[in-house]
Each structure stands twice: as structure tokens, then as C-alpha cells.
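Student: coordinates only, sequence not included:
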């Protein structure tokens, strides 16, 4: 079992930046692919970004965040980050990190095995 804890959410003005963190309870987390998803009220959960496992550097992004968000990982800290820049009101959502017991990423939420509790991001106009 791997517990995931997100942090770093908050209220920010449009155009601002936030960095979300996803800290894991186990070093095996570093072997896993990790994704960030978000869900706004009344909408389906949306893929945001993912990073390959086993120290891989390959990253993937949803179309709506390409060029604005960056996912990265610090294996020494068992943590994955989501740096969000040029934030827009439509980025407002609860952001979740998720890990799957595979090095290969996927954009499909139900293919992830572990989930955090989520962190709220609110972007004001």
C-alpha cells in the first residue's frame, strides 16, 4: 500500500502560479508512474499530467495545460510536483495525484491504483 498526500493548493489570481506536491509513504512510489488529475464541480475527472516510473523522465500533458504546467519528481523525497503557471479561472478544480503499479503512464483515471485525497485550487479572475 502507498499513501499519497497532496499539498500546495490555494487561491491565486489569474496569471499566477502554484506548485502542488504529492508525497508518498513508500519508496516504491519511485517505481510507479504518477499522474495528476483534476475535477471541477459538475465535470468529469480530467487528466492533467503524468510522469513515467522507475526514474524515467518522460512526461505527458493534457491539451489544456500544455506549455503552462510541468510535472517532475524528486525520488530522494518520494515526491512528485506539479508546477502550474499562467493559471486561468478554468483551472479551478480539486487536483488529485495518483500512482499506478507500472512504469508506464496512462491518461485513464481508472488505471491508477492509489489516489490522494485531493487539494483545492481556485483561480480568481
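Tutor: Received it, and whenever you're ready, just let me know what you need. Quantities reported herein were computed from a predicted structural model and do not represent experimental measurements.
Student: So what's the residue count around residue 87?
Tutor: 22 (other C-beta atoms under 10 Å). C-beta here means a position set from N, CA and C on the backbone, and glycine is covered the same way.
Student: nope, residue 33 is what I meant
Tutor: 23.
Student: List the contacts of it.
Tutor: 50-53, 99-100, 102-106 (C-beta atoms under 8 Å, 6 or more residues apart in numbering).
Student: per-residue confidence at the residue most central in space within the chain?
Tutor: The centroid of the chain falls nearest to residue 36 when counting by C-alpha atoms, centre = their mean (2.5 Å). As predicted, residue 36 sits at a pLDDT of 98.
Student: And residue 56, by the same measure?
Tutor: 72.
Student: where's it relative to residue 125, distance?
Tutor: 37 Å (C-beta to C-beta, to the nearest Å).
Student: got it, and residue 112?
Tutor: In terms of C-beta to C-beta, residue 112 sits 32 Å off from residue 125.
Student: which of these two has more neighbours?
Tutor: For residue 112 versus residue 125, neighbours defined as other C-beta under 10 Å are more numerous around residue 112 (22 against 9).
Student: Can you tell me the closest non-neighbouring residue to the more buried one?
Tutor: residue 98 (3.7 Å; C-beta to C-beta, 6 or more residues apart in numbering).
Student: Can you tell me the element that neighbour falls in?
Tutor: strand 93-100 (DSSP states H and E).
Student: Tell me the gap between that strand and the middle of its chain.
Tutor: Relative to its chain's centre, strand 93-100 lies at 5 Å (C-alpha atoms, centre = their mean, to the nearest Å).
Student: just checking, what packs against that strand?
Tutor: The contact analysis (3 or more C-beta pairs under 8 Å, 6 or more residues apart in numbering; DSSP states H and E) places strand 93-100 against strand 4-7, strand 18-24, strand 33-39, strand 79-84, strand 114-115, strand 119-124.
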